[in-house]
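Undergrad: how would this look folded up:
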Amino acid sequence: MNNKSDYIVRATAANGQIRAFAATTRELVEKARSIHNTSPVATAALGRLLTAGSMMGSMQKGEKDLLTLIIKGDGPLQGLVVTAASDASVKGYVYNPGYVNPPNFFGKFDVGGAIGYGELTVIKDMGLKEPYSGTTGLITGEIAEDLTYYFATSEQVPSSVALGVLMNKDNTVKRAGGFIIQLMPFADDKIIDELEKNIAEITSVTALLEEGLSPEDILKRVLGSFELNINDKIEPEFKCNCGKERILKAIAATGRKEIQSMIDDGKDIEVNCHFCNTTYNVTVEELKMLIK
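TA: Numbers count the residues shown, from 1 in each chain. Coordinates of the predicted model:
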C-alpha cells in the first residue's frame, strides 16, 4: 500500500532548544485495524502506540536500530506490543483485539479503562550485546501520558506527548496522528514556561486533526511564537518483515525434540505471525529438512 498521505515531520525550534515531531498516520492505523480486525477501543489503543512508535523509531540514529514498546495492563485489553525501525516503519498487535467497552464519562474511547493498571517497557536494540530497557508504571493507561512519564523518568528528557485516533461511524479510522515535543538540557526557563502555556491551550490532538491541520500546522500551533525549522519528512508505514524463512528459523529454535514430535504427528502445521496476522503452512517435509 502506498502510504502517501501519512508522514512525520522532524523539526527543531527556539534555536535548537526544542526538538519536535508530528505525525499523521491514518493509513497506517487503518491498515493495522483491518489486519487485526480490532474493536474501536483496541484500534484507538493500538493506533496511539503505533503513532508514538513511528515517531520514536525515527529518533533512532542507526539504520538497524529497533525499538519495542510493550504495554501490559490488568484491564481487558491485556496489553499491546509495537516494534519500530529507524525508517519509521512499525508493526504491532493487541493481546485482546475484539474487546468492546462503552465510551468514558466524556464520550471518548476509554483506552485507560481497557488497559488498566500495569507497566510500559521500552526496549532499544542498537546492535550492542545488551539492548537498553526501561520500564515505568502506567500513569493513566491512555498511552500519551504514560510515554510523557517514561521520557521524564527513564530518559530524563522533559517531553510532551499527544496521540489521537478518531473513528468513522463504520468503525474505520477517520484520522490518526500525534506529536512529541522535547526540551533539550540547555533550554531556557522562559522557553519552558511559554511552551507549557501553549500546550495547556490545546484541547486534544484529535481536535487539531479534525480541524484538518497537517503535522507542520500542528507544530506551528503547539510552538506558537517559537521559530520552527522543519528538518525533514519521513513516511511511516505498517510493515511486517516476517516470511517463511523467519518462521522456519523460529520453529528451529524450539529444538529437535519439539520438531520431532510435530513430525511424529504427521500433519502439516500452521504458524501465525502475531504482528501481521499472516498464517504460514509448514509441511512435514519442511519439518524433516529442519531436523537435518
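Undergrad: Give me the three-state assignment for residue 222.
TA: What DSSP: H, G, I helix; E, B strand; the rest coil gives for residue 222 is helix.
Undergrad: Look at it and say how many residues are nearby.
TA: Counted with other Cβ atoms under 10 Å, residues neighbouring residue 222 total 24. C-beta: built from backbone N, CA, C; applies to glycine.
Undergrad: Now it: closest residue in space that isn't a chain neighbour?
TA: residue 198 (5.8 Å; Cβ to Cβ, 6 or more residues apart in numbering).
Undergrad: element containing that neighbour, please.
TA: According to DSSP states H and E, residue 198 maps onto helix 189-200.
Undergrad: Give the other helices and strands that that helix contacts.
TA: If you count contacts as 3 or more Cβ pairs under 8 Å, 6 or more residues apart in numbering; DSSP states H and E, helix 189-200 packs onto strand 173-183, helix 215-223.
Undergrad: Centre of the chain to it, how far?
TA: Taking the mean of its C-alpha atoms, helix 189-200 sits 26 Å from the chain's own mean (Cα atoms, centre = their mean, to the nearest Å).
Undergrad: i'd like the first residue to be 821 from this point on
TA: Noted, 821 is the first residue going forward, which turns the last one into helix 1009-1020.
Undergrad: Name the residues of that helix that are buried.
TA: For helix 1009-1020, burial by neighbour count (16 or more other Cβ atoms under 10 Å) applies to 1011, 1014, 1015, 1018.
Undergrad: Closest to residue 901 out of the residues you listed?
TA: residue 1015 (31.7 Å; Cβ to Cβ).
Undergrad: is it true that residue 1019 touches residue 1042?
TA: Yes - in this structure, residue 1019 is within contact of residue 1042 by Cβ atoms under 8 Å, at 6.3 Å.
Undergrad: Pass me the low-pLDDT residue ranges in the chain, would you?
TA: Scanning the chain for pLDDT under 70 picks out 821-824, 924-927.
Undergrad: just to revisit the earlier point, turn the buried residues of helix 1009-1020 into a markdown table, including distance to residue 1095.
TA: Compiled in a markdown table, the buried residues of helix 1009-1020 are given as follows (distance: Cβ to Cβ, whole Å):
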| residue | distance to residue 1095 |
| --- | --- |
| 1011 | 40 |
| 1014 | 41 |
| 1015 | 36 |
| 1018 | 37 |
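Undergrad: With respect to residue 888, which of these is nearest?
TA: Checking the buried residues of helix 1009-1020 against residue 888 with Cβ to Cβ, the nearest one is residue 1015 at 29.3 Å.
Undergrad: Against residue 981, how distant is the most centrally placed residue in the chain?
TA: Nearest residue to the geometric centre of the chain (Cα atoms, centre = their mean): residue 870, 2.4 Å. Here residue 870 is placed at a distance of 14 Å from residue 981 (Cβ to Cβ, to the nearest Å).
Undergrad: again, but for residue 1094
TA: On the measure of Cβ to Cβ, residue 1094 and residue 981 end up 25 Å apart.
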